[in-house]
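> Next come a sequence and a model predicted from it.
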Amino acid sequence: MTSIASVSPSDLKARRQHLKRRRQLAFWQGMWRSLLVSGLAGGLFWASAQPNWVIRQPEQIDVEGNTLLSPVTVRELLSLSYPQSLWKVQPQVLSRQMQSLSPIAEATVTRQLLPPGLTVEVRERQPTARVVEEADGQTVGFLDERGTAIAASNYERLLPDARLPELKAIAIDAQYRSYWSEIYPVLRDSSIKIFEVDFRNPSNLVLKTELGWVHLGQYEPHGPRLQQQLQVLAQMRQLPNRIQSNRLAYIDLAHPDLPTVQLRP
């Protein structure tokens, strides 16, 4: 082990100079970092104050992902006033505001620096059926593919020229709306045209089809029964050639392995 007495004065001097140089280097590195951060902050402040970083018109907003809503409508839903400083726009706030609107399931708003503007990416709620209270009642809303209820006024106002679904869901309640994501794909893929789904009787789901009225009995969620019933219905496609439509009361598929036909007296 080296003793303090064995260290020469020249070694001590060299060590002191080395420590001094390290402290000076650390000082200047800290100074340059501070100047760099200050310069960047000042540059951003200067850039934000420049007239070029301004959204002056709706056309500076790019819209992506829309299929039902027009780009003009999506821009109007942002509720921005013009001119608007790009740096005063709050993308997260705008995203939440748009997602609170029924026709939009998800929205993401991001700033675009060159050229200055915004990009809005949306995922719309696709209407799959009209909600009516009674068989011949007025449309009070729509269902998306997940069973989310959407007020009719939203689509009538935002989509005046859109082709909305013809399928009607009569008196559908919250419980059946929770099953809609599994009911609708089966109805959509049916080879027999389906016009109405009547939920008024919980023990008997009724369809209005191109073959006539069809009684399905109580709906069984999370199972293949509805698909089996519609497959049997497809096998009965020639029924109108055998029975006059005015004599057919309804087709009973409550037991799809034993389908029956109810005739009028």
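Perfect, I can see it now.
> And for residue 102, the neighbour number?
Residue 102 sits with 18 neighbouring residues when counted by other CB atoms under 10 Å. Just so you know, the C-beta spots here come from the backbone N, C-alpha and C atoms, and that holds for glycine as well.
> Repeat that for residue 172.
24.
> again, but for residue 184
Neighbour number of residue 184 under other CB under 10 Å is 21.
> what sits against it?
Contact partners of residue 184, counting by CB atoms under 8 Å, 6 or more residues apart in numbering, are 128-129, 143, 145.
> Any stretches of the stretch 1-150 of the chain with poor pLDDT?
Along the stretch 1-150 of the chain, segments meeting pLDDT under 70 span 1-9, 11-15, 18-20, 24-25, 27-28, 30-32, 35-52.
> what about the helices in the stretch 51-200 of the chain?
Secondary structure of the stretch 51-200 of the chain (DSSP state H, counting those that start in this stretch): helices at 71-77, 91-99, 152-158, 174-188.
> Now these in CSV, please, with extra columns for distance to residue 221.
Shown next, in CSV, are these (distance: least, CB to CB, whole Å):
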stretch, distance to residue 221
helix 71-77, 35
helix 91-99, 28
helix 152-158, 27
helix 174-188, 5
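> Residue 254 is nearest to which of the ones you listed?
Within the helices of the stretch 51-200 of the chain, the stretch nearest residue 254 is helix 174-188; the backing value is 16.4 Å (CB to CB).
> list the buried ones in that closest one?
Buried residues in helix 174-188, counted by 16 or more other CB atoms under 10 Å: 176-177, 179-180, 183-184, 186-187.
> what do you get for stretch 247-255?
248, 250-254.
> again, but for stretch 109-123
Buried-residue list, stretch 109-123, by 16+ other CB under 10 Å: 109, 116-118, 120-122.
> ditto for stretch 199-208
199, 205-208.
> what's the answer for stretch 158-167, then?
158-159, 164, 167.
> First-to-last residue distance for that stretch?
20 Å (CA to CA, to the nearest Å).
> Considering the buried residues of stretch 247-255, which is situated nearest to residue 134?
So of the buried residues of stretch 247-255, ranked by how close each gets to residue 134 (CB to CB), first place is residue 250, at 18.5 Å.
> on that earlier part again, between the helices of the stretch 51-200 of the chain, which one is closest to residue 222.
Of the helices of the stretch 51-200 of the chain, nearest to residue 222 by CB to CB is helix 174-188, at 7.0 Å.
> Please save the CA atoms from that closest one in PDB.
C-alpha atoms of helix 174-188 as PDB (Å, rounded to 0.1, in the frame of the first residue of the first chain):
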ATOM      1  CA  ALA A 174     -81.000  -3.600 -23.600                       C
ATOM      2  CA  GLN A 175     -80.600  -7.400 -23.100                       C
ATOM      3  CA  TYR A 176     -81.000  -8.100 -26.800                       C
ATOM      4  CA  ARG A 177     -78.800  -5.200 -27.800                       C
ATOM      5  CA  SER A 178     -76.000  -6.900 -25.800                       C
ATOM      6  CA  TYR A 179     -76.600 -10.000 -28.100                       C
ATOM      7  CA  TRP A 180     -76.800  -8.000 -31.300                       C
ATOM      8  CA  SER A 181     -73.100  -8.400 -32.100                       C
ATOM      9  CA  GLU A 182     -73.800 -12.200 -32.500                       C
ATOM     10  CA  ILE A 183     -77.400 -11.900 -33.900                       C
ATOM     11  CA  TYR A 184     -76.600  -9.400 -36.700                       C
ATOM     12  CA  PRO A 185     -73.900 -11.300 -38.500                       C
ATOM     13  CA  VAL A 186     -76.100 -14.400 -38.800                       C
ATOM     14  CA  LEU A 187     -79.000 -12.300 -40.200                       C
ATOM     15  CA  ARG A 188     -76.700 -10.400 -42.500                       C
END
